[in-house]
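*Asks:* Predicted model and sequence follow; I will ask about them next.
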Amino acid sequence: MAGQAGTDRFRDASGLPLATYFAGPKIRWLLDERPELRARAESGEVVFGTLDTWLIWRLTGRHATDVTNASRTMLMNLSTLDWDDRLLDAFGVPRAMLPEILPSSHVYGEARGDIGGVPVASALGDQSAALFGQTCFDPGQAKCTYGTGSFLLLNTGTTPVRSERGLLTTVGYQIGDCRPVYALEGSIAVTGALVQWLRDNLGIISSAPEINELAATVEDNGGCYFVPAFSGLFAPYWRTDARGVIAGLTGYVTKGHLARAALEATGWQVKDVADAMVAESDVNIAELRVDGGMTASDLLMQFQADVLDVPVVRPTIAETTALGAAYAAGLAVGIWPDLETLRANWHADAEWQSRMPAADRDRGYGLWRKAVERSLNWLD
């Protein structure tokens, strides 16, 4: 399916590389594997939707999704905000089975049943909701969510930036009839999952928070770098042939150094993505707003500020995904009048400033990139 254009065949229209990670190829596989479904899909009897679609359907009876979720199916055109006929033909997906695409902040209908009459007024993809909850409403504002994996989004304004450096071009959000706001996204597969691996597979810690105590027993990583490419590398590399490596091991390295290298692996991976975003968009990131479970690690947050050389700021409300969905719904029904009101609601809980000398940062990043090179071409 990639043809001579390779994985970038559909990137211009959809903003995404060709990968089974997205919904379009999954629908194609299902319809090919179950031919009896195709006729029913063409008549609209069998329908498709992301999780938000199912929730909207169950609550209101409307078959709909929003622009952010639709933009991650690989079937929506980023410019028209509609299902793209060329993409639908390429994947063999009948238009009749697809939901209506609506703005993120929009009254989809009224709920039925026990909560009858309550307006259902927003839908946002996970990371877009976090961007909205962090009130990153201006071009150049960025947020990173640190969970099992990590996701960095940069607001690029009302014009999509087509990526040539392994990033995803996506819709950040759309408020009512306003023009959509786009974002560049970098998805990192393994960050918090690496801490879980050290706990469950190696047993060098008994609980995730212990990683910080263990890492704090040493002053640096001892020359050790950990590339957690357990299932390949996501942005900005997109290398399925990569596998995890621990580079720079000597007899000096202890489990404390391994713990620190594991935390630092998250910081270096986020730097990989952030550098690609700055180069792609010509917009400097002035600060990084952060959320997610790993932000409880002061050591990691300080290291992140050090390697990015920008302030890292954690808000008082950590559940920014749920907050973003609530903000979008409140705008749709008039609880909040405008974005300025939402900005005024955002408050910093903690902030970390860079204090690493530039020479140390450059040297460390050079070694990280060498370690990444050693993770590549592992699978034939």
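*Replies:* Looks like it arrived, so ask away. Residues are numbered from 1 along each chain as shown.

*Asks:* where's the closest residue to S71 other than its chain neighbours, which helix or strand?
*Replies:* Ranked by CB to CB, 6 or more residues apart in numbering and with sequence neighbours excluded, the top spatial neighbour of S71 is V171, at 4.3 Å. The C-beta positions use only the backbone N, C-alpha and C, and glycine is treated the same way. Applying DSSP states H and E as the criterion places V171 in strand 168-173.

*Asks:* so what's S150 bridging to?
*Replies:* Listed beta-bridge partners, S150: Y146, I188 (assigned using DSSP bridges).

*Asks:* Can you list the residue ranges for strands in the stretch 151-300 of the chain?
*Replies:* Here the stretch 151-300 of the chain has its strands, by DSSP state E, counting those that start in this stretch, at 168-173, 181-188, 225-227, 245-247, 288-291.

*Asks:* Those: which one's closest to F10?
*Replies:* Proximity to F10 (CB to CB) singles out strand 168-173 among the strands of the stretch 151-300 of the chain, at 11.5 Å.

*Asks:* Direction included, what does the closest one pair up with?
*Replies:* Strand 168-173 sits in its sheet next to strand 181-188 (antiparallel), going by DSSP bridges.

*Asks:* Put the alpha carbons of the strand it pairs with into CSV.
*Replies:* Output of strand 181-188 as CSV, limited to C-alpha atoms (Å, rounded to 0.1, in the frame of the first residue of the first chain):
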residue,chain,number,x,y,z
VAL,A,181,-6.1,25.1,15.7
TYR,A,182,-3.4,22.6,14.6
ALA,A,183,-0.6,21.0,16.5
LEU,A,184,2.6,19.0,15.9
GLU,A,185,2.7,15.9,18.1
GLY,A,186,5.6,13.6,19.0
SER,A,187,4.6,10.2,20.5
ILE,A,188,7.1,8.4,22.6
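
*Asks:* tell me the angle of that strand relative to strand 150-157?
*Replies:* Taking axes from the mean of the first three to the mean of the last three CA atoms, to 10 degrees, one finds that strand 181-188 is oriented at 160 degrees with respect to strand 150-157.

*Asks:* Return the set of buried residues in strand 181-188.
*Replies:* Buried positions in strand 181-188, judged by neighbour count with 16 or more other CB atoms under 10 Å: 181-188.

*Asks:* can you put those residues in CSV and add distance to G61 and pLDDT?
*Replies:* CSV is the format used below for the buried residues of strand 181-188 (distance: CB to CB, whole Å; pLDDT from 0 to 100):
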residue, distance to G61, pLDDT
V181, 29, 97
Y182, 31, 97
A183, 31, 96
L184, 36, 95
E185, 32, 95
G186, 37, 94
S187, 33, 92
I188, 38, 95
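
*Asks:* distance of L55 from T191?
*Replies:* L55 is 28 Å from T191, where distance means CB to CB, to the nearest Å.

*Asks:* could you pull out the helices for this protein?
*Replies:* 11-14, 23-33, 35-42, 51-60, 67-70, 85-91, 126-133, 192-197, 210-215, 255-281, 298-308, 320-333, 339-345, 358-375 (DSSP state H).

*Asks:* So which elements touch the last one?
*Replies:* For helix 358-375, the packing partners by 3 or more CB pairs under 8 Å, 6 or more residues apart in numbering; DSSP states H and E come out as strand 225-227, strand 245-247, helix 255-281, helix 298-308.
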